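1. Sequence plus the predicted model coming up.
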Amino acid sequence: MMRWHARARRALALFLFFSWAPRAIHASSPITGFGIVKVDTSTGTFMDSTTGDIVRARGTNVYSLRYDQAGGESSRARVVSVLNSISDLKLDVVRTWAFMDGDAEDYDGRSMQPSEGEFIEKNFVALDELIALCAQRRIRLILTLTNYWDDYGGIQQYVEWARANGEYDVYRREDFFTSPRCRASFERFIQAIVLRRNTIDNILYRDHPAIFSYQLINEPRVAGDAQGNVFHDWVSYFSSFIKRTEGSRHLVSVGTEGFFLSPSGGVAFNPFSGAERQGVDMNRLQDVMDVDYVTVHCWVDDWMDSDDESKYRFMQTWVRAHLDQSSSKPVVLEEFGKHRPLDVRDRFFRRVYELLREDGRNAARSGSLFWLFVPNEIEDYDGFSVYSSDATTLSIVRDDATSFDDSSASPIDAYAPPPPSSTPMTPPGEDDDIDDEDDDVDFETIVAPVADAESSSFSYSCRMLTSNAYEAHATYGDYVSIELVLNTVNFTVDNVDIDFAGVQDTMAVTATRVRTSVGSSDDMFTTSYFTATRRLGEGGIYLDEGPITFAMYFAPSSSSSHVITMTKVTHGTRIVFDSAAPFVTDAFLRPYSSGSEQSNTVAYGDIAVLYVAFSEPVGIPKVLMNGRDAFVSVAKAHSANAFYAFVEITAETDALGSAVSFEVIEANDYA
């Protein structure tokens, strides 16, 4: 369903069209008036540590710059042209890949680490040159150090190296985060970067002001980890490792998409069901001491199969959720994009920037980097490319980058909050095909009949979520949630009632939040969030096969007699109930023993065994035991519905006296 990896994979081929340019860069004198970026902990603002000026952190992604600079004449000339255009737009930050691992044929000899621990100096020099070019233009770089996806090698390459050198239990890309050999290899690569002296301007990387931050990884995930402990521990270690290695000089970030794991911490805001099981929790990561700012990505065209109006509304909810839930640390929306046509994209970009400037505090502690700035002659391989000839889009980008009214003002006062977007919404037609399990229902705008308030109006969005691993489905034992977001002008909604799946009792609303702001015309804008959840099969919740139905009722205010009724989702998909979905019918744990005597205890070095049976034949299930992947085999002596899962008990990972736990993450029926 995700197309991130496909987007970036094709991007490498895209930049292979570049040819190459002479290294016309000369050593510069020490840089004055341009310092390393720090975060003002009292305001959450990026600041130049030398001048005290605000660093706006407005910019773009051009991931291939180092790769292009390592090539031939015309390609390096194009790097200069791109950086000049970025400077002309008044952007001050660019995010790029500072890695290339492995020796794939299409790397064209430009890999930084073709084999484990082998660093190619001439390809590191290309990074030196890029940093020097950026310093000349007062542009700072976010240097991303590896990739969850396969593009440019990424963590899968480290896993393959580890397995080839004797770590035979390492094979999934997620094993990168726990493999001792992968950890040691990544440490060596980090040291090769952060301890380097730039061969062009003779400045140590640790002292170089053109490095905005080191970013540990692009779009990390640990599939199936609902707690997020594995990645949290990895981030804690490597963010501290960079700080120790270079003396806490530069900022460190993580490169996450921004998913939430905790039900009380924002799961309802996630873009798709299952995001909460990707092992990366925005709320926990922002509390890691050595992570200096929060990163968020927004890819509505990749995440959602819906109309543009629903994607627009989701984007607003997603951005606001991260601004609201972040701590005192800055929030950088470091990847966002929108498919053409240009008017749709322009409206999307404009609203993103407005949301980041809605109030002075958010404006001062936020950053934004759109995806992807490319020259006109490069093919638009994914629909997200922003060309130098896209005048309307780039005008919006420039207006935001120059939106500081007074550079001498305090950080909180530096932005003037703009009025809310005046772009009209055009409600699409309705779709009443209730039998379509992927039924996408259009967003609806309603003008509420509120007395004495001609300007009062509201709009809403609604979606359904399921705990089932198969996203748009649910069966007995699964949790299903209904989420309502109300955007109101000059009034608030007091009560929401939800009747779920024909059950007569009203669901209790289990989560509510309210956010308000005042526009330039003194209108009060309020966003209210309501979530209700039920577990199927409990309390008389027995359903018919097919799409789950609901009815939601609310009045615009306590004094209004007008009641709004909703029976459709406005974005995402309707959840389909399937009573025949596989479920666990039997499960028990025991220590492995070749004899007949059984015990309820295990010691270090023993194997813990889980027997698990399902209601119907399934493929090999995915099982966690004590929080890590178990080896699973078919229990042939029983039936095709039963399996054994095994894990070794070790002093390094299992606490003495603790119970062995297990979790069946996924079981796919043959139907």
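-> On my side now, so go ahead.

2. What pairs with the helix or strand where Thr488 lies, parallel or antiparallel?
-> Element membership for Thr488 (DSSP states H and E) is strand 479-489. According to DSSP bridges, strand 479-489 has the following sheet partners: strand 457-466 (antiparallel), strand 524-535 (antiparallel).

3. Highest average neighbour count across those: which stretch is it?
-> Across the strands paired with strand 479-489, the average number of neighbours (mean count of other Cβ atoms under 10 Å) peaks for strand 457-466, which reaches a mean of 22. C-beta here means a position set from N, CA and C on the backbone, and glycine is covered the same way.

4. can you give me how far that strand is from the chain middle?
-> Strand 457-466 has its C-alpha centroid displaced from the chain centroid by 22 Å (Cα atoms, centre = their mean, to the nearest Å).

5. quick one: contacts of the helix or strand just after it?
-> Later in the chain than strand 457-466, the nearest helix or strand by DSSP H and E is strand 473-474. Counting by Cβ atoms under 8 Å, 6 or more residues apart in numbering, strand 473-474 makes contact with Thr466, Ser467, Asn468, Val480, Leu536, Ile548, Ile575, Val576, Phe577, Asp578, Ala581, all of which sit outside it.

6. Look at Gly255 and give its secondary structure.
-> coil (DSSP: H, G, I helix; E, B strand; the rest coil).

7. which residues does it contact?
-> Applying Cβ under 8 Å, 6+ apart, we find Gly255 in contact with Thr144, Gln215, Leu216, Ile217, Asn218, Glu219, Pro220, Thr295, Glu334.

8. most surrounded residue in those residues?
-> Counting neighbours by other Cβ atoms under 10 Å, Glu334 leads the contacts of Gly255 with 31 neighbours.

9. related to what we said a few turns ago, need the strands paired with strand 479-489 in TSV with mean pLDDT, can you?
-> As requested, the strands paired with strand 479-489 are arranged in TSV below (pLDDT from 0 to 100):
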stretch	mean pLDDT
strand 457-466	76
strand 524-535	78
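
10. So which of the ones you listed is nearest Ser328?
-> Across the strands paired with strand 479-489, Ser328 has its closest neighbour in strand 524-535 (22.0 Å, Cβ to Cβ).

11. Dump the C-alpha coordinates for that closest one into PDB.
-> Included here for strand 524-535 are C-alpha records, laid out as PDB according to Å, rounded to 0.1, in the frame of the first residue of the first chain:
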ATOM      1  CA  MET A 524     -13.100  32.100  16.900                       C
ATOM      2  CA  PHE A 525     -12.000  28.900  15.200                       C
ATOM      3  CA  THR A 526     -12.500  25.700  17.200                       C
ATOM      4  CA  THR A 527     -11.400  22.200  16.400                       C
ATOM      5  CA  SER A 528     -13.000  19.500  18.600                       C
ATOM      6  CA  TYR A 529     -11.900  15.800  18.500                       C
ATOM      7  CA  PHE A 530     -14.200  12.900  19.700                       C
ATOM      8  CA  THR A 531     -13.400   9.200  19.700                       C
ATOM      9  CA  ALA A 532     -15.500   6.300  20.700                       C
ATOM     10  CA  THR A 533     -14.300   2.600  20.800                       C
ATOM     11  CA  ARG A 534     -16.000  -0.800  21.200                       C
ATOM     12  CA  ARG A 535     -14.600  -4.300  21.300                       C
END
